[in-house]
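for reference, the sequence and a predicted model appear below.
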Amino acid sequence: MMFFKAAVVSTLAILATANPTTTVTATAPGPTVTTVSQCNTGGAQCCSAVGAANSLPGVSLLLGLLGIVLQDVSVVVGVSCANIVGNTCTEQPVCCTDNDFNGLINIGCSPITL
């Protein structure tokens, strides 16, 4: 049992040092972004969940694991996102300002219509 505890502590220490912290300042693209054609901050995304970072379950853990610190914890984020192809999204279409995390989490999102 003591070996297990030591292994867990060692693994967490390695993860903490391997993941540098990134502070992200994000704002939504703006209240006028309502369609795909108006999304000029990057490609429109289709996300499985969209909401304030401080209200979506699991988002704070995900941000911590990625080493991301949000300056505004109420900023709208999208989780499990992919590029919209052919104007089809069966979940929640959004336009986001920070899509640098391979769709795992997108930051600074505004809902859009297709």
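Sure thing, it's come through.

phi and psi next, for residue 105.
Backbone torsions of residue 105, given as degrees, to the nearest 10, read phi -150, psi 130.

please shift the residue numbers so they start at 808 in all later answers.
Taking 808 as the first residue, the last one we looked at is residue 912.

what sits against the residue lying closest to residue 859 once chain neighbours are set aside?
Nearest residue to residue 859 in three dimensions, chain neighbours excluded: residue 881, at 4.7 Å (C-beta to C-beta, 6 or more residues apart in numbering). The C-beta positions use only the backbone N, C-alpha and C, and glycine is treated the same way. For residue 881, the contact set (C-beta atoms under 8 Å, 6 or more residues apart in numbering) comprises 859, 860, 861.

top of these by neighbour count?
In terms of neighbours by other C-beta atoms under 10 Å, those top out with residue 860 at 23 neighbours.

that one and residue 897: what is the separation?
Using C-beta to C-beta, to the nearest Å, residue 860 is found at 23 Å from residue 897.

got it, and residue 853?
Residue 853 sits 7 Å away from residue 897, going by C-beta to C-beta.

have a look at these two and say which one is more surrounded.
The residue with more neighbours, out of residue 853 and residue 897, is residue 853; 21 against 7, by other C-beta under 10 Å.

the residue nearest to the more buried one when sequence neighbours are not counted: neighbouring residues, count only.
Leaving aside its chain neighbours, residue 853 sits nearest to residue 896 (3.6 Å; criterion: C-beta to C-beta, 6+ apart). Using other C-beta under 10 Å, residue 896 has 21 neighbouring residues.

quick one on the thing from earlier: list just the nearest of the contacts of residue 881 to residue 919.
Taking C-beta to C-beta as the measure, residue 919 sits nearest to residue 859 out of the contacts of residue 881, at 17.4 Å.

please report the distance of the closest one from residue 886.
As for residue 859, its distance to residue 886 is 12 Å (criterion: C-beta to C-beta).

how about residue 915?
Here the criterion is C-beta to C-beta. By it, residue 915 lies 14 Å from residue 886.
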